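A.B. asks: Next comes the sequence, and after it the predicted model I'd like to discuss.
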Amino acid sequence: MSTPSTPPAFELHRTDTPLPAGERAALLAEPRFGTVFTDHMARVSWTTVDGWHAYRVEPYGPLRMDPASAVLHYAQEIFEGLKAYRHPDGSVWTFRPQANAARFARSAQRLALPELSEADFVESLRALVDVDRDWVPSGEETSLYLRPFMYASEKFLGVRASHEVEYLVIASPVGAYFPGGVRPVSIWVEKGYHRASPGGTGAAKCGGNYAASLLPQAQAHERGCDQVCFLDASTGSYLEELGGMNVMVVDADGTVRTPPVTDSILEGVTRSSILQLLTDAGHEVREEPIALADLLTDIETGAVAEMFACGTAAVMTPIGRLVGDGFDVTVNGSTPGPVTMAIRTELTDIQYGRRPDRHAWMRRLA
Ligand SMILES: *Cc1c(COP(=O)(O)O)cnc(C)c1O
């Protein structure tokens, strides 16, 4: 683990050509996820000889990259995702960045990349948002999405951990995930492909996991489903998670169940925050394996009342339909359930500064 220390200052190299305020305002009014980026990016370099060095914030722009850069061949890469929220008084905050820093360090370890300290990780977010604070939108459920990532930049085709690495943070203003109100999604339960396997990289946030999920995701789309839920690779019987979101089941008696974190499930910050809020609200919370066969029966009998997926981008997405080989069932009449919506409101109220932050989850950035 990283030890607390004073992080090095990020040297600021301002862009000579920031986007004019009028054009920025037009983009912020209707941002499409992941298509628009702010004027700057934070960056730190690493080599085996010098360690982490050259902490800077520089103009956003294309990277120079050798065609033999290791990441392009062997996918030695990790990333994170979190948001900066504008509060009613104009200040800008982020949510549990220490948790993302810790997960980034765990991902780095699994992908044989160097660990960045928690202090450096949090300071990189602060330094970028400080200079690009005007890019944080203020509309309802809008935010500035922060994307830290690290990749193997060494020019070398040999198969071993890279001796040169780049760490960057880019930021993208995003609109409300559900502009027309929260809408349940349909889920294809995938039996043929797996996202992760025991001993694999499922618990690390690495691009390779996402690459492996794209084909089943495209096939699910062809079958009329929005998202894929993967099953465990050992038995093919238990729910794991979606391609980029964890999954939970709300029983009719108010108990909430979610698969336990293993080395094939990514431990979501949203997941653990929701489990805390549910516990606070008096729900029984159980982290235990959920067998698909039992789940289908429990949906039919009404023992399961709601299902939802959770992650930073959408916060909580109700699951209205489960489809797979030989079944097609509706959950809660395909409408958002009351437990899902109550916790979603509470969590977003904390994130947007509309409700006391009793767990000290929020961290001021600007
Ligand atoms: C990022 C991610 C999640 C959600 O994590 P949050 O910290 O809640 O955003 C869930 N599953 C996978 C596979 C992920 O990559």
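C.D. replies: Arrived safely, thanks for sending.
A.B. asks: how about the residue located most distally from the centre of the chain, phi and psi?
C.D. replies: In the chain, the residue that sits farthest from the middle, by C-alpha atoms, centre = their mean, is Thr301; the gap is 33.4 Å. Note on Thr301: its backbone torsions stand at phi -80, psi -10 [degrees, to the nearest 10].
A.B. asks: ok, now the one 4 residues further on?
C.D. replies: In this entry, Ala305 is assigned phi and psi values of phi -100, psi -40 (degrees, to the nearest 10).
A.B. asks: Distance check, it against Gly158.
C.D. replies: 54 Å (C-beta to C-beta, to the nearest Å). Glycine gets a C-beta too; all of them are placed from N, C-alpha and C.
A.B. asks: Compare those two and say which is more crowded by neighbours.
C.D. replies: Neighbours were counted for Ala305 and for Gly158 using other C-beta atoms under 10 Å; Ala305 has more, 20 against 8.
A.B. asks: buried residues in the lowest-mean-pLDDT helix or strand in the chain?
C.D. replies: When the helices and strands of the chain are scored by mean pLDDT, DSSP states H and E, helix 21-29 comes last with a mean of 94. Of the residues in helix 21-29, 24, 27-28 count as buried by neighbour count, 16 or more other C-beta atoms under 10 Å.
A.B. asks: okay, those in TSV with distance to Val49 next?
C.D. replies: Shown next, in TSV, are those (distance: C-beta to C-beta, whole Å):
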residue	distance to Val49
Arg24	40
Leu27	41
Leu28	42
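A.B. asks: with the residues you listed in mind, which one is nearest to the ligand?
C.D. replies: Leu28 (22.6 Å; C-beta to the nearest ligand atom).
A.B. asks: Give me the nearest residue to that closest one, chain neighbours excluded.
C.D. replies: Nearest non-adjacent residue to Leu28, counting by C-beta to C-beta, 6 or more residues apart in numbering: Pro137, 4.5 Å away.
A.B. asks: dump the residue contacts of that neighbour.
C.D. replies: Residues near Pro137 by C-beta atoms under 8 Å, 6 or more residues apart in numbering: 28, 31, 86, 143-144, 173-175.
A.B. asks: could you redo the last one with a cut-off of 10 Å?
C.D. replies: Contact partners of Pro137, counting by C-beta atoms under 10 Å, 6 or more residues apart in numbering, are 24-25, 27-31, 84-86, 143-144, 173-176.
A.B. asks: try Pro259
C.D. replies: So Pro259 contacts 232, 238-241, 246-249, 265, 271, 287-290 (C-beta under 10 Å, 6+ apart).
A.B. asks: Apply 8 Å and report the result again.
C.D. replies: 238-241, 246-247, 265, 287-290.
A.B. asks: and the gap between it and the ligand?
C.D. replies: For Pro259, the distance to the ligand (C-beta to the nearest ligand atom, to the nearest Å) stands at 11 Å.
A.B. asks: what does Ser91 give?
C.D. replies: 23 Å.
A.B. asks: Does that residue touch Ala366 like I think?
C.D. replies: Yes - here Ser91 reaches Ala366: they are 6.9 Å apart, a contact under C-beta atoms under 8 Å.
A.B. asks: between those two, who's got more neighbours?
C.D. replies: Each of Ser91 and Ala366 has its neighbours counted (other C-beta under 10 Å); Ala366 has more, 18 against 15.
A.B. asks: pretty sure the more buried one is touching Val92, no?
C.D. replies: Yes - in this structure Ala366 lies within contact range of Val92 using C-beta under 8 Å: 4.2 Å.
A.B. asks: Give the intersection of the neighbour lists for these two.
C.D. replies: Listed as contacting both Ala366 and Val92 by C-beta under 8 Å, 6+ apart are 84, 129, 133, 136.
A.B. asks: how many neighbours does the first one have?
C.D. replies: By the measure other C-beta under 10 Å, the count of residues near Ala84 is 27.
A.B. asks: Surely it and Ser138 touch.
C.D. replies: No - Ala84 is beyond contact range of Ser138, at 11.6 Å (criterion: C-beta under 8 Å).
A.B. asks: Tell me which stretches of the stretch 151-300 of the chain form helices.
C.D. replies: Using DSSP state H, counting those that start in this stretch, the helices of the stretch 151-300 of the chain run over 207-222, 269-280, 292-301.
A.B. asks: Around the ligand, which positions in the chain sit nearby?
C.D. replies: Contact residues (C-beta under 6 Å from any ligand atom) of the chain with the ligand: 81, 205, 241, 244-246, 266, 268-271, 311-312.
A.B. asks: Using CSV, lay out the residues you listed together with distance to Gln217, pLDDT and neighbour count.
C.D. replies: What follows is those, written out as CSV (distance: C-beta to C-beta, whole Å; pLDDT from 0 to 100; neighbours: other C-beta atoms under 10 Å):
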residue, distance to Gln217, pLDDT, neighbour count
Gly81, 17, 98, 16
Lys205, 17, 98, 26
Glu241, 13, 97, 26
Gly244, 10, 95, 20
Met245, 12, 97, 25
Asn246, 16, 98, 24
Leu266, 16, 97, 25
Gly268, 18, 98, 24
Val269, 22, 98, 23
Thr270, 20, 98, 21
Arg271, 20, 98, 23
Gly311, 15, 97, 20
Thr312, 18, 97, 20
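A.B. asks: For the closest residue in space to Pro260 that isn't next to it in sequence, give its distance to Leu275.
C.D. replies: Among residues not flanking Pro260 along the chain, Glu287 sits closest, at 4.3 Å (C-beta to C-beta, 6+ apart). Noted for Glu287: a distance of 8 Å to Leu275, by C-beta to C-beta.
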